[in-house]
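> Quick check, what structure comes out for this input:
(2 chains)
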Amino acid sequence: MSDGRRFDRSAIVWGIAFILVGVAFLLDRLDVWSIEPELFAPLALILIGVAVLAGARREGTSR
Amino acid sequence: MSEPTGPRPPIPPQRPRRSVWDTFNPARLVFGLVLAAFGVIWLLDVSDVVDVDLDVVLPIGLIVVGVALLVSGTSGRSGGGLFGLGVVLIVILVLTTLVRVPFTGGVGDRTERPARFADRTYELGVGKLTVDLTAFAFDAETDPLSAAIEANVGIGQLVVLLPARSEVPCVSVDAHAGIGEVVVFGESRGGLGPDYQTRDVCTGPPVPELELSTGIGQVEVRRV
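As a prediction, the model looks like this:
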């Protein structure tokens, strides 16, 4: 960054993930969309995997 | 007038402008705001000032935590307690989605025997709820041809007793358990979130339309 400010990639990824999950649950509670419980396990695995990837890159390079 | 020739006094370095995120730790700021907001909402709810639907508050809280983490991350901070708060909210949301437990209707064993054929709703928090439909009176002239009979048990057993097929030939069943077992006319389904939907071939009224659920436990529908 030109202004010297650094990003915490992991926090950003988890922030986006929380927002998406929150919106999904909100739509479910408002009966706009229905969450299928069968999706929980694979989606959780994907989220954790993406977060681990983001964290791994941060360790090797500058934040 | 001649200008002074001596060395100019050094210009004091300007302080860099500090943004609000430099002044406050965004993670702690939002963490505190979310906790305080939940406390206020809870207080208003128990004081009967407003009727708060926690089903909506929890996802909104998760979105706020996500936005705070995003802001925190873009300002180079890790987020600290926000991550833990978000995980706790997700765990609660997943559990409440898997197990819709209505903790209304009291505790204990209860038997309901409606006398007339009409729409009914029964709820029990914890225990055994028996809905005995074997003795209701039906008048084709005045009573509805079908009636929605809804029964929910938070934790425990829900049993619905139906008359013999000769008396009530047609019944619609929509049964669900968060965790447990659903047994409809002898057919059993168990595990996580078992469902059962059936509609008999209708030959005439009355048609009970059963909507049955339990958070944790068993739903059973049988004829006597």
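> hey, let's count contacts and neighbours off CA atoms from now on
Will do.
> how many neighbours does B:Ala148 have?
By other Cα atoms under 10 Å in any protein chain shown, the residues close to B:Ala148 number 16.
> Quick one: mean pLDDT over whichever strand or helix holds it.
Using DSSP states H and E, B:Ala148 sits in strand B:146-162. Mean pLDDT, computed over strand B:146-162, is 92.
> close to chain B, is the one helix or strand A:Ala24 maps to?
Using DSSP H and E, the element containing A:Ala24 is helix A:9-29. Yes. Using Cα under 8 Å from any Cα of the partner chain, helix A:9-29 reaches chain B at A:9-23, A:25-26, A:29.
> remind me which residues of the chain are low pLDDT?
I went with chain A, as the question did not name one. Low-confidence segments of chain A (pLDDT under 70): A:1-5, A:54-63.
> please go with chain B instead
B:1-6, B:12-27, B:54, B:99-105, B:199-201, B:203.
> Narrow the residues of helix A:9-29 next to chain B to those that are buried.
Buried members of the residues of helix A:9-29 next to chain B, scored by 16 or more other Cα atoms under 10 Å in any protein chain shown, are A:9-23, A:25-26, A:29.
> Could you pull up the residues touching residue 34?
Went with chain A since none was named. A:Ser34 is in contact with A:Leu27, A:Asp28, counting by Cα atoms under 8 Å, 6 or more residues apart in numbering or on different chains.
> nope, chain B
Each residue near B:Val34 by Cα under 8 Å, 6+ apart is listed here: B:Gly61, B:Val64, B:Val65.
> Skip ahead from the host helix or strand of the first one and say which helix or strand is next.
By that I understand B:Gly61. Element membership for B:Gly61 (DSSP H and E) is helix B:54-74. The helix or strand immediately downstream of helix B:54-74 is helix B:81-98, counting by DSSP H and E.
> Between strand B:146-162 and the helix or strand that comes right after that next one, find me the angle.
Downstream of helix B:81-98, the next assigned helix or strand under DSSP H and E is strand B:107-112. Interaxial angle, strand B:107-112 versus strand B:146-162 (axes from the mean of the first three to the mean of the last three Cα atoms, to 10 degrees): 110 degrees.
> helices or strands up against strand B:107-112?
strand B:120-132 (3 or more Cα pairs under 8 Å, 6 or more residues apart in numbering or on different chains; DSSP states H and E).
> For burial, what's the neighbour tally of the nearest residue to B:Val183 once chain neighbours are set aside?
For B:Val183, ignoring the flanking residues on the chain, the nearest one in space by Cα to Cα, 6 or more residues apart in numbering or on different chains is B:Glu220 at 4.6 Å. By the criterion of other Cα under 10 Å, B:Glu220 has 21 neighbours.
> Quick check: neighbours of the strand holding B:Ala148 in the sheet, parallel or antiparallel?
Using DSSP bridges, the strands paired with strand B:146-162 are strand B:120-132 (parallel), strand B:207-223 (parallel).
> Could you export stretch B:47-66 as PDB, CA atoms only?
The C-alpha trace of stretch B:47-66 is given here as PDB (Å, rounded to 0.1, in the frame of the first residue of the first chain):
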ATOM      1  CA  SER B  47     -39.300  -5.600  30.100                       C
ATOM      2  CA  ASP B  48     -42.100  -6.100  27.500                       C
ATOM      3  CA  VAL B  49     -41.200  -2.800  26.000                       C
ATOM      4  CA  VAL B  50     -40.700  -4.400  22.600                       C
ATOM      5  CA  ASP B  51     -41.200  -7.900  21.300                       C
ATOM      6  CA  VAL B  52     -37.800  -8.900  19.900                       C
ATOM      7  CA  ASP B  53     -37.500 -11.800  17.600                       C
ATOM      8  CA  LEU B  54     -34.100 -13.400  18.400                       C
ATOM      9  CA  ASP B  55     -34.300 -15.300  15.100                       C
ATOM     10  CA  VAL B  56     -33.600 -12.000  13.300                       C
ATOM     11  CA  VAL B  57     -31.400 -10.400  15.900                       C
ATOM     12  CA  LEU B  58     -28.700 -13.100  15.800                       C
ATOM     13  CA  PRO B  59     -28.100 -13.000  12.000                       C
ATOM     14  CA  ILE B  60     -28.000  -9.200  12.100                       C
ATOM     15  CA  GLY B  61     -25.500  -9.400  14.900                       C
ATOM     16  CA  LEU B  62     -23.300 -11.700  12.800                       C
ATOM     17  CA  ILE B  63     -23.500  -9.300   9.900                       C
ATOM     18  CA  VAL B  64     -22.400  -6.500  12.200                       C
ATOM     19  CA  VAL B  65     -19.500  -8.600  13.500                       C
ATOM     20  CA  GLY B  66     -18.500  -9.400   9.900                       C
END
